[in-house]
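Undergrad: got a sequence here, can you model it:
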Amino acid sequence: MKRIVKPRNERINEILDIAQTLFLNYGFEQTTISNIVKETKIAQGTFYYYFKSKDELLNAIMKRSIDKITKNAFMVVNNNNINAIKKIEIILNNFLAYDGWNNEMITYIHNKDSMIHHMIEMQIIENLVPLVKDILLQGINEKIFDVPYPQEISEFIVLGVGGMYDQFRQPKEDQNSMNNRIKAIKLMLIRILGINENIYNFNF
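TA: Next up is the predicted model:
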């Protein structure tokens, strides 16, 4: 049978797609490289040509997921038809609802590979903080937000919500705790953005 040679990016995305599905369905630690190779219908050597290890593969999946979240956020930020409150609301709803990773993947990164965790955290800051800052500046111009330090507050929002998201994905998290965390996020945003609760509120 003639070997099918695919362009590099197409092959990488194929491996990422299949691995991500396996991780979500069967668990990261339960999924072996042999499972991924079998489903992708490639040789073991082909896998190692693109990825040195399963950890490196997981890192690539998480990076691609953050890129997707960033792309969606960029589209929201550049939509001139919605105000700053609605933009924050849409971005946070999309972020909190994102299902491209699960609690086991996040727990593994936190507990077993601090380097991947650090890289992901830095990528989130690098990608999302400038977008959140743009929204805060818009809100200031619209007289909705009262924010004296947009850069620093943007960093605080991204890191704070990111930490909350990690907790949402923990298996021990019950619905009541999740609801309380969402209320805490709303309250945090109202306070640090200087929002008049009698006029504006968040819906998430």
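Undergrad: quick one: name whatever helix or strand follows the helix or strand of the chain with the lowest mean pLDDT.
TA: Least confident helix or strand, the chain: helix 103-112 with a mean of 69, by mean pLDDT, DSSP states H and E. Later in the chain than helix 103-112, the nearest helix or strand by DSSP states H and E is helix 114-141.
Undergrad: so which other helices or strands are in contact with that following helix?
TA: Applying 3 or more CB pairs under 8 Å, 6 or more residues apart in numbering; DSSP states H and E, we find helix 114-141 packed against helix 54-77, helix 84-97, helix 103-112, helix 150-168. Yep, even glycine has a C-beta here, placed from its N, CA and C like the rest.
Undergrad: contact partners for Ile85?
TA: Gly139, Ile144, Ile195, Tyr200, Phe202 (CB atoms under 8 Å, 6 or more residues apart in numbering).
Undergrad: switch to 6 Å and redo it
TA: Taking CB atoms under 6 Å, 6 or more residues apart in numbering as the criterion, Ile85 is in contact with Ile144, Tyr200.
Undergrad: just say which of the helices and strands packed on helix 114-141 is most tucked in.
TA: Across these, the average number of neighbours (mean count of other CB atoms under 10 Å) peaks for helix 84-97, which reaches a mean of 19.
Undergrad: that one vs helix 150-168, what angle?
TA: Here helix 84-97 points in a direction 30 degrees away from that of helix 150-168 (axes from the mean of the first three to the mean of the last three CA atoms, to 10 degrees).
Undergrad: using CSV, write out every CA atom in the helix or strand hosting Ala184.
TA: Following DSSP H and E, one finds Ala184 within helix 175-192. Presented in CSV, the C-alpha positions along helix 175-192 are these (Å, rounded to 0.1, in the frame of the first residue of the first chain):
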residue,chain,number,x,y,z
GLN,A,175,-22.9,22.8,41.5
ASN,A,176,-23.4,25.0,44.6
SER,A,177,-19.6,25.7,44.8
MET,A,178,-19.6,26.5,41.1
ASN,A,179,-22.5,28.9,41.5
ASN,A,180,-20.7,30.6,44.4
ARG,A,181,-17.5,31.0,42.3
ILE,A,182,-19.5,32.6,39.4
LYS,A,183,-21.1,35.0,41.9
ALA,A,184,-17.6,35.8,43.2
ILE,A,185,-16.4,36.5,39.7
LYS,A,186,-19.3,38.9,39.1
LEU,A,187,-18.7,40.7,42.4
MET,A,188,-15.0,40.9,41.7
LEU,A,189,-15.6,42.5,38.3
ILE,A,190,-18.2,44.9,39.6
ARG,A,191,-15.9,46.1,42.3
ILE,A,192,-12.6,46.4,40.4
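Undergrad: what's that helix packed up against?
TA: The contact analysis (3 or more CB pairs under 6 Å, 6 or more residues apart in numbering; DSSP states H and E) places helix 175-192 against helix 150-168.
Undergrad: fine by me, we can end here.
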